[in-house]
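[1] Would you be able to build a 3D model of this:
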Amino acid sequence: MSLLPTLALAAAVFTAGAAAADPRDEARVRQIALGIPTNVDLRNFDAIQPLFADPVVIDYTSLWGGEPQTMRPAELMAAWRGIVPGFDATWHEISDLQVKVTGDRATATSRVDGRHWLGEQVWRPVGRYDFQLARQGDAWKVTRMTLTVTEERGDRKLVDQARARAGKAAGE
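    Sure, this is the predicted structure:
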């Protein structure tokens with residue numbers, strides 16, 4: 001007795017039961033996963049803040065240690081404003097973006113190569129971004145953002161210099 005008819009029937013039932021994700025939702029999730037790092041580089045924090053759920057979990061533990069932080073989007077923007085503008089330029093190169101939408105939940109995963117310049121020096125954390133999103137009303141919001149660093153190039157001390165420069169520019 002052949003298993004092929006049974007496997008074909010099982011595959012047909014599984015496929016029929018799994019509704020295809022709306023490609024518009026996938027596009028919206030992609031826009032968010034690409035828009036966050038792009039707008040960080042543009043220092044357009046007001047455009048980023050509404051993309052995050054309140055609260056949101058930010059996990060940079062592979063870079064800084066400690067524990068993931070649960071914060072309000074405004075707190076996250078304040079933290080980024082306290083560092084990013086202190087660099088002369090930044091560029092978060094995103095590649096291999098994979099998106100999966102299941103109902104009102106979604107994930108987005110990509111490679112990231114974050115370049116941060118001060119003068120001729122550059123600091124480059126390289127790794128992966130993982131976003132978890134939830135539909136809230138008619139919008140997708142990031143509920144968790146994780147950076148997993150697999151490689152680090154350059155001098156991490158540039159972050160302290162950038163933080164000091166950003167503080168001076170903000171009048172602190």
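[2] Check the offset of the helix or strand where residue 122 lies from the chain's centre.
    Per DSSP states H and E: residue 122 is located in strand 121-136. Centre-to-centre, strand 121-136 and its host chain are 4 Å apart (CA atoms, centre = their mean, to the nearest Å).
[3] so the lengthiest helix in the chain versus strand 121-136, what angle?
    Longest helix of the chain, by residue count under DSSP state H: helix 23-41. With axes from the mean of the first three to the mean of the last three CA atoms, to 10 degrees applied, the angle from helix 23-41 to strand 121-136 works out at 150 degrees.
[4] Out of the helices and strands in the chain, which is least certain?
    When the helices and strands of the chain are compared on mean pLDDT, DSSP states H and E, helix 4-17 comes out lowest with a mean of 41.
[5] looking just at contacts, which helices and strands does the strand holding residue 122 meet?
    Contact partners of strand 121-136 among helices and strands, from 3 or more CB pairs under 8 Å, 6 or more residues apart in numbering; DSSP states H and E: helix 23-41, strand 105-118, strand 139-154, helix 158-169. All C-beta atoms are positioned from the backbone trio N, CA, C, and that covers glycine.
[6] Just the mean pLDDT for the shortest one, thanks.
    Mean pLDDT, computed over helix 158-169, is 94.
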